[in-house]
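> here is the input, now give the coordinates:
(one chain, ligands or ions: 1)
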Amino acid sequence: MKFFIDTANIDQIKEAQDLGILDGVTTNPSLMAKEGIRGEQNILDHYKKICEIVQGDVSAEVISLNFDGMIREGEKLSALHPQIVVKVPCTKDGIKAIKYLSGKGIKTNCTLVFSPGQALLAAKAGATYVSSFIGRLDDIASDGIELIAKISDMYNYYGYETLVLAASIRHTMHILQCVEAGADVITSPLAPILGLLNHPLTDSGIEKFMSDYKKSCQ
Ligand code: E4P
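Numbers count the residues shown, from 1 in each chain. The predicted structure follows:
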């Protein structure tokens, strides 16, 4: 399973990269705004900065809602750096843009996917990743993890190469549930990833080893 970090925060991206387990980064316009990145040039510069920190794919989202704008933006984003993946919303124009961009050999991430039907169209259009939002489904009393399992089964059954990217992860259990559901990639804020490390027996075990070591040195 690949681990992406879902943030535009440079310090957190560096921290995850330093951990040695980071495979990529996803961003979206809300995450960029949260970091105070405004204006086209600053946004493009920020994507390049992220690409210089990590080695894997970095998703950069288009703002246009129509096909022409999406492909113009997508080509511009893709030309920024070889690690850029163009993130496109799952709309009619978005699916057309994914088909066009993937035909040009540009990696794409079909985002805001909330149903198997949307995921099917994304795969048929040739998306590299399909971003299925777990937390936002859970928020409306729908089962986000079940969607990951359904998409994963469907892609395996038909042999689609599109990777299931579990997004909108809110806590550590979501990551573990994604393992069982067959996600290819999780994208998560840093805290749920670090949460995987927590175990009281690890803490008490270290405490015991340290105290026994100190006793043996006396
Ligand atoms: C994924 O690529 C999205 O940017 C992100 O996971 C959305 O998460 P949220 O629902 O917590 O905003």
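> the helix or strand harbouring D45 close to the ligand?
Assigned by DSSP states H and E, D45 falls within helix 40-53. No: contact between helix 40-53 and the ligand is absent, the nearest approach being 13.6 Å (criterion: Cβ under 6 Å from any ligand atom). C-beta: built from backbone N, CA, C; applies to glycine.
> what confidence value was assigned to the residue positioned nearest the centre of the chain?
Taking Cα atoms, centre = their mean as the criterion, T187 is the residue nearest the geometric centre of the chain, at 3.3 Å. For T187, the model assigns a pLDDT of 98.
> which strand or helix spans it?
Applying DSSP H and E, one finds T187 within strand 185-188.
> can you tell me the closest non-neighbouring residue to S142?
F114 (7.9 Å; Cβ to Cβ, 6 or more residues apart in numbering).
> so which residues on this protein come close to the ligand?
Counting by Cβ under 6 Å from any ligand atom, the residues of the chain near the ligand are 6, 26, 28, 111, 131, 133, 135-136, 167-168, 187.
> columns secondary structure on top of these, output as a markdown table?
Output for the residues of the chain next to the ligand, formatted as a markdown table (DSSP: H, G, I helix; E, B strand; the rest coil):
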| residue | secondary structure |
| --- | --- |
| D6 | strand |
| T26 | strand |
| N28 | coil |
| T111 | strand |
| S131 | strand |
| F133 | strand |
| G135 | helix |
| R136 | helix |
| A167 | strand |
| S168 | coil |
| T187 | strand |
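> pull out the buried members of these.
6, 26, 28, 111, 131, 133, 167-168, 187 (16 or more other Cβ atoms under 10 Å).
> Three-state assignment for the closest residue in space to S102 that isn't next to it in sequence, please.
Take S102 and drop its neighbours on the chain: the residue closest to it by Cβ to Cβ, 6+ apart is G126, 3.4 Å away. Using three-state DSSP, the structure places G126 in coil.
> which residues touch the residue nearest to the centre of the chain?
4-6, 24, 26, 131, 165-167, 169 (Cβ atoms under 8 Å, 6 or more residues apart in numbering).
> strands of this structure, start to end?
2-6, 24-26, 57-61, 84-89, 108-113, 129-133, 163-167, 185-188 (DSSP state E).
> ok, the nearest residue to Q55 once chain neighbours are set aside to the ligand distance?
Spatial nearest neighbour of Q55, excluding adjacent residues (Cβ to Cβ, 6+ apart): Q83 at 7.6 Å. Taking Cβ to the nearest ligand atom, to the nearest Å as the measure, Q83 falls 16 Å from the ligand.
> surely Q83 and G56 touch.
Yes: counting by Cβ atoms under 8 Å, G56 is a contact partner of Q83 at 6.8 Å.
> those two: who's more crowded?
Q83 (20 against 16; other Cβ atoms under 10 Å).
> ok, D11 - how many residues close by?
9.
> ditto for A183
By other Cβ under 10 Å, the burial measure for A183, its neighbour count, is 27.
> cool, F67 as well?
17.
> what's the pLDDT at it?
So, for F67, pLDDT stands at 98.
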